[in-house]
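Colleague: Here is a sequence with its predicted model. Questions after.
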Amino acid sequence: MLTPGDLGFLRGAIFAQLESRTQALPIPADHPQRDWLEWLEVPLTPGELSALDCQPIGPTAQELRAGGILPEVVYACLVQTWWHPGQEDWVARTRSEIYACFDSKEVQQPGWELDREAIDRVNAYRLQELTPGELLQASREFWTGDCNEIERMEGWLLLHLDHFRRLQDVADCLFPFHYQGDPRLGLSDQEARRWLCVPDEVDFMDATQILGPERVARLLGEESIR
């Protein structure tokens, strides 16, 4: 029985769909791996699933998702294990690029082994290409609270782009927006910067304006605003 998010199965399904990528992949509505194919945004339609080439791969999609990897990066890296024409290394291929350029005659098996270090590197690169709105949407499952001040949050994300490697990094930098606990009183300047996730290169008063003075007052205590 396949483990949920089995990457060998998911890769086989991806390549089956790529063979006729103008059409969705037929798969039963109650198939245990369907949710993971939907997470990878593989086009699906109800029907009988044909036999797939499901060679085993080490991690699972569940582990990669929990590790803060974008589904599009998982998809692209799975494709590159068997299809990497003219490549010497892993790249941040987009789904549209794969659809436009894929040629089944260029598939190589066994091909490349899935490389977690490469996945992390591609993920970091891709995160820095996303818009603030896309980053908010992608990281939502890792927030610990809720906030609807989208413009402030997007502005705050722009200050942190160079630091993002995983979706958890995005959620961590948004900490001032979704923290609902007690304020931290009596912090030094440096401690306050760390508490509020202010990048070293950003002036504290500029950070206060982006976060909102009232929020900073709540998080640090009225007397702590600098």
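Modeller: Right, received. Where do you want to start? Numbering: from 1, shown residues only.

Colleague: for the chain, what spans make up the helices?
Modeller: Secondary structure of the chain (DSSP state H): helices at 7-19, 34-39, 61-66, 71-82, 95-101, 116-127, 132-139, 150-158, 167-173, 175-178, 189-196, 204-211, 213-220.

Colleague: low-confidence ranges in the chain?
Modeller: 1, 222-226 (pLDDT under 70).

Colleague: In it, which residue is most central in space?
Modeller: Central residue of the chain (C-alpha atoms, centre = their mean): L70, 2.6 Å from the mean position.

Colleague: Please name the nearest non-neighbouring residue to Q17.
Modeller: L25 (4.1 Å; C-beta to C-beta, 6 or more residues apart in numbering). For glycine as for every other residue, the C-beta is placed from the backbone atoms N, C-alpha and C.

Colleague: nope, P110 is what I meant
Modeller: Q55 is the one closest to P110 (C-beta to C-beta, 6+ apart), at 7.3 Å.

Colleague: re the thing from before, state the distance from the residue nearest to Q17 to P32.
Modeller: 15 Å (C-beta to C-beta, to the nearest Å).

Colleague: Between these two, which is the more surrounded one?
Modeller: Shown here are L25 and P32; by other C-beta atoms under 10 Å, L25 has more neighbours (22 against 14).

Colleague: List the contacts of the more buried one.
Modeller: A13, A16, Q17, L37, V42, P43, L44, T45, L49 (C-beta atoms under 8 Å, 6 or more residues apart in numbering).

Colleague: What is the burial count for V216?
Modeller: Around V216 there are 25 residues (other C-beta under 10 Å).

Colleague: same thing with E154?
Modeller: 15.

Colleague: Not counting sequence-adjacent ones, nearest residue to it?
Modeller: P132 (3.5 Å).

Colleague: what's the burial count for L187?
Modeller: By other C-beta under 10 Å, 18 other residues sit near L187.

Colleague: Do I have it right that it meets L220?
Modeller: Yes - taking C-beta atoms under 8 Å as the definition, L187 is a contact partner of L220 at 6.4 Å.

Colleague: Show me the common contact partners of these two, please.
Modeller: W195.

Colleague: rewinding a little: reformat the helices of the chain as a markdown table; add distance to P110.
Modeller: Listed next are the helices of the chain as a markdown table, based on distance: least, C-beta to C-beta, whole Å:
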| stretch | distance to P110 |
| --- | --- |
| helix 7-19 | 12 |
| helix 34-39 | 22 |
| helix 61-66 | 20 |
| helix 71-82 | 8 |
| helix 95-101 | 20 |
| helix 116-127 | 16 |
| helix 132-139 | 31 |
| helix 150-158 | 40 |
| helix 167-173 | 30 |
| helix 175-178 | 43 |
| helix 189-196 | 46 |
| helix 204-211 | 49 |
| helix 213-220 | 52 |
